[in-house]
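Participant: build me a model:
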Amino acid sequence: QVQLIESGGGLVQAGGSLRLSCAASGRTFSVYAMGWFRQAPGKEREFVAAIRWSGGTTLYADSAKGRFTISRDTAKNTVLLQMNSLNPEDTAVYYCAAKIRYDTTWFDPGNYDYWGQGTQVTVSS
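Facilitator: Sure thing, here's the model as predicted:
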């Protein structure tokens, strides 16, 4: 089992920044990649960014490219999501997720095995 706890959400004005943190514990040696997803009211959960746990390979959704940066600190078992130039369309609950298998796509939330409880991000106009 892998436990994930997100933090860092909140209310920010358009154009502002937030940094989300995801602390992982448990069988973290089994994790292949970590991802961030988000879900706005009435919408499906969507991929934001992901990073390979060992090696640093990253992947971003088009909506996140150039504005968000995912990074990891394996010594602290933590994954960060730095979000800049936020706009109201970024308002959602943001979830951290852990993926065990290496041979499935990173974009599909169904391919992730463990999830955090989520943290609310609200961007005001």
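Participant: and L86, how close does it get to K76?
Facilitator: 25 Å (C-beta to C-beta, to the nearest Å). C-betas here are computed from N, CA, C, even on glycine.
Participant: compare neighbour counts for the two and give me the winner.
Facilitator: Legend: neighbour count by other C-beta atoms under 10 Å for L86 and K76, higher for L86 (21 against 11).
Participant: ok, for G16, nearest residue in space, not its chain neighbours?
Facilitator: Spatial nearest neighbour of G16, excluding adjacent residues (C-beta to C-beta, 6 or more residues apart in numbering): L86 at 5.5 Å.
Participant: which ones are touching the one you found?
Facilitator: With contacts defined as C-beta atoms under 8 Å, 6 or more residues apart in numbering, L86 is in contact with 12, 14-18, 67, 121, 123.
Participant: in CSV: the residues you listed, plus secondary structure.
Facilitator: Formatted as CSV, these follow (DSSP: H, G, I helix; E, B strand; the rest coil):
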residue, secondary structure
V12, strand
A14, coil
G15, coil
G16, coil
S17, coil
L18, strand
R67, coil
V121, strand
V123, strand
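Participant: buried subset of the residues you listed?
Facilitator: 12, 18, 121, 123 (16 or more other C-beta atoms under 10 Å).
Participant: name the nearest of the contacts of L86 relative to V2.
Facilitator: V121 (22.8 Å; C-beta to C-beta).
Participant: who touches stretch 6-17?
Facilitator: 18-23, 82-88, 94-96, 116-125.
Participant: quick revisit: which of the buried ones among the contacts of L86 sit farthest apart?
Facilitator: Longest span within those, C-beta to C-beta: L18 and V123, 8.6 Å.
Participant: tell me how many other residues surround Q117.
Facilitator: Q117: 10 neighbours (other C-beta under 10 Å).
Participant: tell me which residue of the chain is furthest from the middle?
Facilitator: In the chain, S125 marks the outermost C-alpha relative to the chain mean, sitting 22.9 Å out by C-alpha atoms, centre = their mean.
Participant: return the residues in contact with that one.
Facilitator: 14, 88.
Participant: residue numbering should commence at 7 henceforth.
Facilitator: In the new count, where the first residue is 7, that last one comes out as S131.
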